[in-house]
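Chemist: Next come a sequence and a model predicted from it.
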Amino acid sequence: MADRDAGPATVWSRPERGARGPAPERSRTQITAAALALADAEGLAAVSMRALAQRLGTGPASLYRYVGSRDELLDLMADAVAGELDLSGTTGGSGATGDWLDELVGLALQSRDAHVRHPWLADLNDRRGEVLGPHAIDYLDHALAVLAPAPGTAGQKLEAIGLLGGLAVLFARRETGATGGGDRSTQAAHLAAVAAEGRHPHLLAALTAAGAPPPADLTDRDALFVRLLRRLLPAMLGEGEGEGEGEGEGERSRRAGEP
(Lines give C-alpha, C1' and ligand atoms only; values in the text may rest on other atoms or scores of the structure.)
Protein backbone atom coordinates (compact mmCIF):
# COMPACT_ATOMS: atom_id res chain seq x y z
CA MET A 1 0.00 0.00 0.00
CA ALA A 2 2.84 2.39 0.79
CA ASP A 3 4.27 1.98 -2.72
CA ARG A 4 0.93 2.84 -4.28
CA ASP A 5 0.67 6.01 -2.23
CA ALA A 6 4.19 7.16 -3.16
CA GLY A 7 3.04 9.05 -6.25
CA PRO A 8 0.77 8.97 -9.28
CA ALA A 9 1.30 6.14 -11.75
CA THR A 10 2.30 7.40 -15.20
CA VAL A 11 3.70 5.79 -18.30
CA TRP A 12 7.15 6.98 -17.17
CA SER A 13 6.87 5.36 -13.74
CA ARG A 14 6.89 1.86 -15.24
CA PRO A 15 9.62 -0.04 -17.07
CA GLU A 16 9.40 0.33 -20.84
CA ARG A 17 8.72 -3.39 -21.20
CA GLY A 18 7.60 -6.03 -18.77
CA ALA A 19 9.89 -8.87 -17.80
CA ARG A 20 7.62 -11.48 -19.34
CA GLY A 21 7.10 -12.32 -22.97
CA PRO A 22 9.40 -12.28 -25.97
CA ALA A 23 12.20 -9.79 -26.46
CA PRO A 24 10.91 -6.32 -27.42
CA GLU A 25 10.80 -5.58 -31.13
CA ARG A 26 10.26 -1.84 -30.69
CA SER A 27 10.74 0.93 -28.17
CA ARG A 28 8.40 3.57 -26.81
CA THR A 29 10.45 6.13 -28.70
CA GLN A 30 9.79 4.37 -32.02
CA ILE A 31 6.10 3.96 -31.27
CA THR A 32 5.79 7.61 -30.22
CA ALA A 33 7.57 8.79 -33.37
CA ALA A 34 5.11 6.83 -35.50
CA ALA A 35 2.18 8.30 -33.57
CA LEU A 36 3.56 11.82 -34.11
CA ALA A 37 3.84 11.22 -37.85
CA LEU A 38 0.28 9.91 -37.93
CA ALA A 39 -1.07 12.91 -36.02
CA ASP A 40 0.87 15.35 -38.22
CA ALA A 41 -0.48 13.74 -41.37
CA GLU A 42 -4.09 13.03 -40.38
CA GLY A 43 -4.87 14.84 -37.14
CA LEU A 44 -5.15 13.77 -33.52
CA ALA A 45 -8.46 11.96 -34.03
CA ALA A 46 -6.74 9.57 -36.41
CA VAL A 47 -4.38 8.36 -33.69
CA SER A 48 -5.81 5.08 -32.46
CA MET A 49 -4.05 1.97 -31.34
CA ARG A 50 -5.41 0.12 -34.37
CA ALA A 51 -4.30 2.78 -36.86
CA LEU A 52 -0.89 3.05 -35.24
CA ALA A 53 -0.43 -0.72 -35.28
CA GLN A 54 -1.30 -0.77 -38.98
CA ARG A 55 1.27 1.95 -39.63
CA LEU A 56 3.89 -0.09 -37.78
CA GLY A 57 2.92 -3.34 -39.46
CA THR A 58 1.89 -5.12 -36.29
CA GLY A 59 -1.21 -6.02 -34.31
CA PRO A 60 -2.90 -3.61 -31.87
CA ALA A 61 -2.45 -6.03 -28.98
CA SER A 62 1.32 -5.89 -29.35
CA LEU A 63 1.34 -2.13 -28.66
CA TYR A 64 -0.15 -2.66 -25.21
CA ARG A 65 3.11 -4.30 -24.22
CA TYR A 66 4.63 -0.81 -24.39
CA VAL A 67 1.78 1.55 -23.43
CA GLY A 68 -1.20 0.78 -21.25
CA SER A 69 -3.73 2.90 -23.12
CA ARG A 70 -4.25 5.51 -25.81
CA ASP A 71 -4.07 8.20 -23.12
CA GLU A 72 -0.58 7.05 -22.21
CA LEU A 73 0.37 7.24 -25.87
CA LEU A 74 -0.94 10.81 -26.01
CA ASP A 75 1.15 11.71 -22.96
CA LEU A 76 4.23 10.31 -24.70
CA MET A 77 3.43 12.31 -27.83
CA ALA A 78 3.07 15.60 -25.95
CA ASP A 79 6.29 15.04 -24.09
CA ALA A 80 8.14 14.09 -27.29
CA VAL A 81 7.22 17.48 -28.77
CA ALA A 82 8.47 19.19 -25.62
CA GLY A 83 11.72 17.35 -26.26
CA GLU A 84 12.08 19.12 -29.60
CA LEU A 85 12.83 22.42 -27.86
CA ASP A 86 16.50 23.28 -27.60
CA LEU A 87 17.31 23.85 -23.94
CA SER A 88 21.07 23.81 -24.40
CA GLY A 89 21.47 27.59 -24.41
CA THR A 90 22.82 29.57 -21.51
CA THR A 91 20.43 30.53 -18.74
CA GLY A 92 20.09 33.13 -16.06
CA GLY A 93 20.77 36.11 -18.30
CA SER A 94 24.37 35.05 -18.93
CA GLY A 95 24.07 34.67 -22.70
CA ALA A 96 25.36 36.92 -25.45
CA THR A 97 22.91 39.67 -24.54
CA GLY A 98 22.95 39.07 -20.80
CA ASP A 99 19.17 39.54 -20.85
CA TRP A 100 16.78 37.03 -19.30
CA LEU A 101 13.96 38.51 -21.38
CA ASP A 102 15.80 37.79 -24.64
CA GLU A 103 16.27 34.18 -23.58
CA LEU A 104 12.65 33.76 -22.54
CA VAL A 105 11.38 35.27 -25.80
CA GLY A 106 13.62 32.84 -27.70
CA LEU A 107 12.09 29.98 -25.73
CA ALA A 108 8.61 31.27 -26.55
CA LEU A 109 9.42 31.40 -30.26
CA GLN A 110 10.57 27.78 -30.11
CA SER A 111 7.36 26.79 -28.34
CA ARG A 112 5.22 28.56 -30.92
CA ASP A 113 7.11 26.91 -33.77
CA ALA A 114 6.60 23.49 -32.19
CA HIS A 115 2.85 24.11 -32.10
CA VAL A 116 2.93 25.20 -35.75
CA ARG A 117 4.74 21.98 -36.70
CA HIS A 118 2.22 19.94 -34.73
CA PRO A 119 -1.17 21.74 -34.99
CA TRP A 120 -2.89 19.03 -32.94
CA LEU A 121 -0.70 19.72 -29.90
CA ALA A 122 -2.84 22.51 -28.46
CA ASP A 123 -5.93 20.28 -28.33
CA LEU A 124 -3.87 17.50 -26.79
CA ASN A 125 -2.51 19.79 -24.09
CA ASP A 126 -6.08 20.86 -23.29
CA ARG A 127 -7.04 17.29 -22.48
CA ARG A 128 -3.96 15.53 -21.15
CA GLY A 129 -4.50 16.48 -17.50
CA GLU A 130 -1.87 17.08 -14.84
CA VAL A 131 0.69 14.53 -16.02
CA LEU A 132 4.01 16.16 -16.95
CA GLY A 133 6.62 14.08 -18.70
CA PRO A 134 10.39 14.34 -18.27
CA HIS A 135 10.90 16.68 -21.24
CA ALA A 136 8.11 19.01 -20.11
CA ILE A 137 9.60 19.12 -16.62
CA ASP A 138 13.01 19.90 -18.13
CA TYR A 139 11.38 22.77 -20.04
CA LEU A 140 9.80 24.16 -16.88
CA ASP A 141 13.03 23.94 -14.93
CA HIS A 142 14.96 25.59 -17.78
CA ALA A 143 12.48 28.46 -17.99
CA LEU A 144 12.75 28.99 -14.23
CA ALA A 145 16.55 29.02 -14.54
CA VAL A 146 16.25 31.69 -17.25
CA LEU A 147 14.08 33.70 -14.87
CA ALA A 148 16.42 33.31 -11.88
CA PRO A 149 17.83 36.88 -12.14
CA ALA A 150 14.44 38.39 -13.02
CA PRO A 151 12.32 40.25 -10.46
CA GLY A 152 9.16 38.71 -9.09
CA THR A 153 8.11 35.92 -6.77
CA ALA A 154 8.23 32.22 -7.57
CA GLY A 155 4.48 32.24 -8.16
CA GLN A 156 4.70 35.18 -10.55
CA LYS A 157 7.43 33.43 -12.52
CA LEU A 158 5.32 30.30 -12.88
CA GLU A 159 2.43 32.44 -14.07
CA ALA A 160 4.72 34.22 -16.55
CA ILE A 161 5.81 30.87 -17.99
CA GLY A 162 2.15 29.89 -18.27
CA LEU A 163 1.40 33.12 -20.14
CA LEU A 164 4.33 32.43 -22.47
CA GLY A 165 2.86 29.03 -23.31
CA GLY A 166 -0.63 30.42 -23.80
CA LEU A 167 0.55 33.09 -26.22
CA ALA A 168 2.59 30.51 -28.11
CA VAL A 169 -0.53 28.39 -28.60
CA LEU A 170 -2.65 31.40 -29.62
CA PHE A 171 -0.20 32.62 -32.25
CA ALA A 172 0.42 29.10 -33.57
CA ARG A 173 -3.32 28.60 -34.03
CA ARG A 174 -3.58 31.89 -35.89
CA GLU A 175 -0.67 30.93 -38.13
CA THR A 176 -2.09 27.50 -38.97
CA GLY A 177 -5.61 28.86 -39.43
CA ALA A 178 -6.97 26.72 -36.62
CA THR A 179 -8.94 29.60 -35.10
CA GLY A 180 -10.83 30.36 -38.29
CA GLY A 181 -11.85 33.94 -39.00
CA GLY A 182 -12.07 35.91 -42.21
CA ASP A 183 -9.77 38.08 -44.27
CA ARG A 184 -8.02 40.70 -42.13
CA SER A 185 -8.61 43.59 -44.54
CA THR A 186 -12.32 42.75 -44.77
CA GLN A 187 -12.61 42.65 -40.99
CA ALA A 188 -10.79 45.98 -40.66
CA ALA A 189 -13.07 47.62 -43.22
CA HIS A 190 -16.16 46.32 -41.42
CA LEU A 191 -14.89 47.58 -38.07
CA ALA A 192 -14.11 51.01 -39.52
CA ALA A 193 -17.58 51.24 -41.05
CA VAL A 194 -19.23 50.36 -37.74
CA ALA A 195 -17.09 52.88 -35.87
CA ALA A 196 -17.93 55.60 -38.41
CA GLU A 197 -21.63 55.30 -37.55
CA GLY A 198 -20.89 57.37 -34.44
CA ARG A 199 -22.30 55.00 -31.81
CA HIS A 200 -18.85 53.88 -30.64
CA PRO A 201 -16.81 57.07 -30.12
CA HIS A 202 -13.97 55.41 -28.21
CA LEU A 203 -13.52 52.80 -30.92
CA LEU A 204 -13.57 55.50 -33.60
CA ALA A 205 -10.92 57.51 -31.76
CA ALA A 206 -8.67 54.47 -31.32
CA LEU A 207 -8.95 53.42 -34.97
CA THR A 208 -8.28 56.95 -36.15
CA ALA A 209 -5.17 57.24 -34.01
CA ALA A 210 -3.89 53.78 -34.98
CA GLY A 211 -4.34 54.24 -38.72
CA ALA A 212 -4.82 51.49 -41.27
CA PRO A 213 -3.46 48.06 -40.26
CA PRO A 214 -0.49 46.81 -42.28
CA PRO A 215 -0.95 43.79 -44.58
CA ALA A 216 -0.82 40.58 -42.58
CA ASP A 217 2.24 38.38 -43.03
CA LEU A 218 4.34 36.03 -40.94
CA THR A 219 6.96 38.71 -40.24
CA ASP A 220 4.25 40.99 -38.84
CA ARG A 221 2.96 38.19 -36.62
CA ASP A 222 6.46 37.43 -35.37
CA ALA A 223 6.98 41.08 -34.48
CA LEU A 224 3.62 41.27 -32.69
CA PHE A 225 4.33 38.06 -30.77
CA VAL A 226 7.71 39.33 -29.58
CA ARG A 227 6.34 42.79 -28.80
CA LEU A 228 3.56 41.38 -26.61
CA LEU A 229 5.96 39.16 -24.70
CA ARG A 230 8.36 42.03 -24.09
CA ARG A 231 5.55 44.16 -22.71
CA LEU A 232 3.66 41.57 -20.69
CA LEU A 233 6.41 39.49 -19.10
CA PRO A 234 8.24 42.35 -17.32
CA ALA A 235 4.89 43.75 -16.18
CA MET A 236 3.91 40.40 -14.66
CA LEU A 237 7.22 40.12 -12.83
CA GLY A 238 7.22 43.66 -11.41
CA GLU A 239 5.39 44.92 -8.38
CA GLY A 240 2.07 43.14 -8.05
CA GLU A 241 0.10 40.56 -6.17
CA GLY A 242 2.13 38.20 -4.06
CA GLU A 243 1.94 34.45 -3.92
CA GLY A 244 -0.95 32.72 -2.27
CA GLU A 245 -3.66 34.61 -4.18
CA GLY A 246 -5.71 32.99 -6.88
CA GLU A 247 -4.89 29.44 -7.94
CA GLY A 248 -2.46 27.28 -6.01
CA GLU A 249 1.15 26.55 -6.80
CA GLY A 250 0.29 23.04 -8.07
CA GLU A 251 -2.07 24.36 -10.72
CA ARG A 252 0.38 27.09 -11.74
CA SER A 253 3.12 24.49 -12.12
CA ARG A 254 0.94 22.30 -14.32
CA ARG A 255 -0.04 25.15 -16.63
CA ALA A 256 3.49 26.52 -16.78
CA GLY A 257 4.82 23.12 -17.81
CA GLU A 258 2.85 23.09 -21.08
CA PRO A 259 5.25 24.32 -23.73
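Modeler: Received, thanks.
Chemist: Residue 234 and residue 57: what is the separation?
Modeler: 52 Å (CB to CB, to the nearest Å). Heads up, the C-betas are built off the backbone N, CA and C, glycines and all.
Chemist: The stretch 1-150 of the chain: helices as residue ranges?
Modeler: Taking DSSP state H, counting those that start in this stretch to define them, one finds helices in the stretch 1-150 of the chain at 28-42, 49-56, 60-63, 70-82, 100-117, 121-127, 134-146.
Chemist: what's the closest of those to residue 164?
Modeler: Nearest to residue 164, of all the helices of the stretch 1-150 of the chain, is helix 100-117, at 4.8 Å by CB to CB.
Chemist: tell me which strands and helices the closest one is in contact with?
Modeler: helix 121-127, helix 134-146, helix 154-176, helix 218-237 (3 or more CB pairs under 8 Å, 6 or more residues apart in numbering; DSSP states H and E).
Chemist: 6 Å - rerun?
Modeler: Secondary-structure packing of helix 100-117 (3 or more CB pairs under 6 Å, 6 or more residues apart in numbering; DSSP states H and E): helix 134-146, helix 154-176, helix 218-237.
Chemist: export the ones you listed to a markdown table and tack on distance to residue 77?
Modeler: Formatted as a markdown table, the helices and strands packed on helix 100-117 follow (distance: least, CB to CB, whole Å):
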| stretch | distance to residue 77 |
| --- | --- |
| helix 134-146 | 11 |
| helix 154-176 | 16 |
| helix 218-237 | 25 |
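Chemist: Same list (those) but as a markdown table, adding distance to residue 67 and mean pLDDT.
Modeler: Converted to a markdown table, these look like this (distance: least, CB to CB, whole Å; pLDDT from 0 to 100):
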| stretch | distance to residue 67 | mean pLDDT |
| --- | --- | --- |
| helix 134-146 | 16 | 95 |
| helix 154-176 | 25 | 92 |
| helix 218-237 | 35 | 87 |
